[in-house]
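Participant: sequence first, then the predicted structure:
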Amino acid sequence: MTHHILKATRETVHLGGFSNTLEPAITVDSGDTVDVETYTGYYLYDQAPPEFFTPEFLDICQNLPIERKIAQGPHLLTGPIYVRGAEPGDVLEVKLMDIKPSVPVGFNAIRKGWGALPDQFDQPALRFIPLDLENNIALVPIGGGIKIPIKPFFGILGVATPETSRNSIPPGYYGGNIDNRQLLAGSKIFLPIFVPGALFSIGDGHSAQGDGEVNVTAIETSMNGTIELKIRKDIQLTTPIAETATDIITMGFGQTLDAALEMALKNMIDFLERFLDLSPEDSYVLCSLAVNFHITQVVNSPQKGVHGMLPKVILSNTIGL
């Protein structure tokens, strides 16, 4: 297996969405690991404090080639990564080995017309939030004495689809802007593959986020990570599934929370049938007794997200994907 280093440059990032026509930033083999660099805040570089930027990030913001601008989403993603041998119908296993903020400041933004309460909070607002990386806390500039633990994760983990242009805002069957705060270092996400090579992209680093991400953003932070990519031909999926040290996680996306919950529940029932050999009825009962359903996010229009968490400790047999 080979270890790669993928720096974020004008040639290795793309803005606003996913596309199967993008030139890969790097090509890897199944089982390879990658140190990956990501930046966030492309549209804010003229408002941010100096410590928010590196010279490389400024170069991206000022000189990103037009062919790397895919759609109207705000996210700057690193990739895509081409995985040799990955074919439609396979699954890409992404192990998140390490995730760390790369700069000592993040931001939170309220955007007009977005969020869970767009009529009540109808004016844009931007806050830059200092990060104490030594003590692993965010010093929130609201109220007094508020310190939020830094729990970094990547909001966007996704693969390309047959469409040549897909906006980065809504999540879906390909992953994308999932914004699931459970996907910390040590967890894995499993993504169905739709195009040769998978064309995996990553970004939208968050230093901290509450379930729901109700005002549109978390503590948005440029983030570095180490990931391992594997092709899985032994399992088939139609939507993403994740695994942490403690839980199996299924996901649901829909235009309403009811629809998202229904999808997350059906995906959990399907998982229990296939991997635990339970009947549909027994799976439904177990979901009611032991699976915890959480609101992932309510702001990535038009798709809201719900995830179900199955505690692995309740199972008599060791389970893993």
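Facilitator: Yes, it's here.
Participant: shaky segments in this protein?
Facilitator: Scanning the chain for pLDDT under 70 picks out the ranges 143, 317-320.
Participant: assign residue 242 to helix, strand or coil.
Facilitator: Following DSSP: H, G, I helix; E, B strand; the rest coil, we place residue 242 in the strand state.
Participant: what's opposite it in the beta bridge?
Facilitator: Per DSSP bridges, the residues bridged to residue 242 are residue 189, residue 249.
Participant: angles on the backbone of the nearest residue in space to residue 263 that is not next to it in sequence, please.
Facilitator: For residue 263, ignoring the flanking residues on the chain, the nearest one in space by C-beta to C-beta, 6 or more residues apart in numbering is residue 252 at 3.1 Å. To be clear about C-beta, it is placed using only N, CA and C from the backbone, and glycine gets the same treatment. Main-chain torsions, residue 252, degrees, to the nearest 10: phi -140, psi 140.
Participant: again, but for the one 10 residues further on
Facilitator: For residue 262, the backbone dihedrals (degrees, to the nearest 10) come out as phi -60, psi -40.
Participant: sec struct for the closest residue to residue 124 other than its chain neighbours, please.
Facilitator: Once flanking residues are discounted, residue 124 sits nearest to residue 112: 5.2 Å by C-beta to C-beta, 6+ apart. With three-state DSSP as the basis, residue 112 sits in coil.
Participant: these two touch, right, residue 112 and residue 119?
Facilitator: No. Between residue 112 and residue 119 there is no contact under C-beta atoms under 8 Å: 10.8 Å.
Participant: show me which of the two is the more surrounded one.
Facilitator: The neighbour count for residue 112 versus residue 119, taken as other C-beta atoms under 10 Å, is higher for residue 112 (12 against 7).
Participant: list the contacts for that one?
Facilitator: 118, 122, 123, 124 (C-beta atoms under 8 Å, 6 or more residues apart in numbering).
Participant: apply 10 Å and report the result again.
Facilitator: Applying C-beta atoms under 10 Å, 6 or more residues apart in numbering to residue 112 gives the contacts 118, 121, 122, 123, 124, 125, 216.
Participant: cool, and residue 202?
Facilitator: So residue 202 contacts 6, 34, 36-38, 77-81, 94, 96, 154-158, 175, 223, 225, 227 (C-beta under 10 Å, 6+ apart).
Participant: in what helix or strand does it lie?
Facilitator: Residue 202 is located in strand 200-206, with elements delineated by DSSP states H and E.
Participant: can you give me the helices in the stretch 201-321 of the chain?
Facilitator: Counting by DSSP state H, counting those that start in this stretch, the segments of the stretch 201-321 of the chain that form helices are 257-276, 280-290.
Participant: of the ones you listed, flag the one that's most buried.
Facilitator: Here the criterion is mean neighbour count by mean count of other C-beta atoms under 10 Å, and of the helices of the stretch 201-321 of the chain the winner is helix 257-276, at a mean of 19.
Participant: what's the angle from that helix to helix 280-290?
Facilitator: Here helix 257-276 points in a direction 110 degrees away from that of helix 280-290 (axes from the mean of the first three to the mean of the last three C-alpha atoms, to 10 degrees).
Participant: now the strands for the stretch 51-200 of the chain?
Facilitator: Assigned strands in the stretch 51-200 of the chain, in chain order: 76-83, 91-101, 105-110, 125-132, 137-139, 147-149, 153-159, 166-167, 175-177, 188-192, 200-206 (criterion: DSSP state E, counting those that start in this stretch).
Participant: just put these in CSV and tack on distance to residue 28.
Facilitator: Output for the strands of the stretch 51-200 of the chain, formatted as CSV (distance: least, C-beta to C-beta, whole Å):
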stretch, distance to residue 28
strand 76-83, 6
strand 91-101, 11
strand 105-110, 29
strand 125-132, 30
strand 137-139, 33
strand 147-149, 33
strand 153-159, 14
strand 166-167, 22
strand 175-177, 18
strand 188-192, 15
strand 200-206, 9
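Participant: closest one to residue 64 among those?
Facilitator: For residue 64, the closest of the strands of the stretch 51-200 of the chain is strand 76-83, at 8.4 Å, according to C-beta to C-beta.
Participant: hey, C-alpha coordinates of the closest one in PDB?
Facilitator: Presented in PDB, the C-alpha positions along strand 76-83 are these (Å, rounded to 0.1, in the frame of the first residue of the first chain):
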ATOM      1  CA  LEU A  76     -14.400  24.300  -1.800                       C
ATOM      2  CA  LEU A  77     -13.600  20.600  -2.100                       C
ATOM      3  CA  THR A  78     -10.300  18.800  -2.500                       C
ATOM      4  CA  GLY A  79     -10.300  16.100  -5.200                       C
ATOM      5  CA  PRO A  80     -11.600  14.300  -6.900                       C
ATOM      6  CA  ILE A  81      -9.500  11.200  -6.000                       C
ATOM      7  CA  TYR A  82      -9.600   8.400  -8.600                       C
ATOM      8  CA  VAL A  83      -9.400   4.900  -7.100                       C
END
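Participant: right, I'll leave it there.
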